[in-house]
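> 3D, please:
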Amino acid sequence: MISIVLPVYNRVKYICQSIDSVISQSWQDWELIIVDDASTDRTGEIAEEYSRRDKRIRVIHNTENQKLPRSLNIGFENASGDYYTWTSDDNAYRKDALELMYHALEEDRSKDIVYCNYIVIDSEDYMLYDKETGPAERLPFENTIGACFLYRKEVHEGLAGYDSGKFLAEDYDFWLRAYWKYRFLHLEEAPYYYRLHASSLTAERKIEIRDAARAVCREHIDKIEDAALREKVRLSLEEQ
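As a prediction, this is how the structure comes out:
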């Protein structure tokens, strides 16, 4: 089984498309845990409607806004799958995304995390460009994993989940911590649609996200054993 966590907050416009993309997957052995982070619109109600129609969908309602990393942890604390992933309430999967990533990890037991390229779309679903992710070896410099991934539950457990103090860079921190302990597999396929729009978290807090990523990068410099690489990362941060 694949456990998918979907944190949601005031996203009525796109949430149906996000959930429908999970329901329509060719790989049907999944559970979707929607964590409503104290939405003030109908987002939570819409999630509940889906839950009533499909027993694989569960909804958790935060009584107070917990922010993304804590909401992710709440979701995964209630997960029962062997593989974990999470998606955003304004993005969507291609129909074969889960099957593609699941088989990649099943066929290569030496790898712990698989990640893919993705397609960038706009607010009206118009395809803008393909985004190539990776390589994982660039993680000490920048977040190269992207938005479409799947990892074994042991990865989440081994890292004790997401750091609730790393809001706006929780994913980059997670991947950096994973980089020192686990093995990554990159797929050239692009089975995911990543939406760019004016009200997205990425658009609204772009500078804060950049600064949070730099702070996370600095925290991990001392873990780099290769002295030359460590110096390159330091110089890169100074130049930014």
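
> Which other helices and strands does the helix ranked longest in the chain contact?
Criterion DSSP state H: the longest helix present in the chain is helix 206-220. Identification of packing neighbours for helix 206-220 by 3 or more C-beta pairs under 8 Å, 6 or more residues apart in numbering; DSSP states H and E yields helix 170-179, helix 227-239. Heads up, the C-betas are built off the backbone N, CA and C, glycines and all.

> now do 10 Å
helix 170-179, helix 201-204, helix 227-239 (3 or more C-beta pairs under 10 Å, 6 or more residues apart in numbering; DSSP states H and E).

> between the last one and helix 206-220, how many degrees?
What it means is helix 227-239. 150 degrees (axes from the mean of the first three to the mean of the last three C-alpha atoms, to 10 degrees).

> Relative to the whole chain's centre, how far out is helix 227-239?
27 Å (C-alpha atoms, centre = their mean, to the nearest Å).

> quick one: contacts of the helix or strand of the chain with the lowest mean pLDDT?
Least confident element among the helices and strands of the chain, by mean pLDDT, DSSP states H and E: helix 201-204 (a mean of 73). With C-beta atoms under 10 Å, 6 or more residues apart in numbering as the test, helix 201-204 has contacts from 9, 68, 88, 90, 167-168, 194-198, 208-209.

> cool, and stretch 227-235?
137, 140, 141, 217, 218, 220, 221, 222, 223, 224, 226.

> same thing but 7 Å
Contacts to stretch 227-235, defined as C-beta atoms under 7 Å, 6 or more residues apart in numbering, come from residues 140, 141, 217, 221, 224.

> residue contacts, the residue nearest to the third one when sequence neighbours are not counted?
Leaving aside its chain neighbours, residue 217 sits nearest to residue 237 (6.2 Å; criterion: C-beta to C-beta, 6 or more residues apart in numbering). For residue 237, the contact set (C-beta under 7 Å, 6+ apart) comprises 214, 217, 218.

> List just the nearest of the residues you listed to residue 109.
Distance to residue 109, by C-beta to C-beta, is smallest for residue 217 among the contacts of residue 237, at 30.7 Å.

> Can you give me the distance of the closest one to residue 78?
With distances taken as C-beta to C-beta, to the nearest Å, residue 217 is found 31 Å from residue 78.

> Looking at those two, which is more packed in?
Higher neighbour count among residue 217 and residue 78: residue 217, with 23 against 14, using other C-beta atoms under 10 Å.
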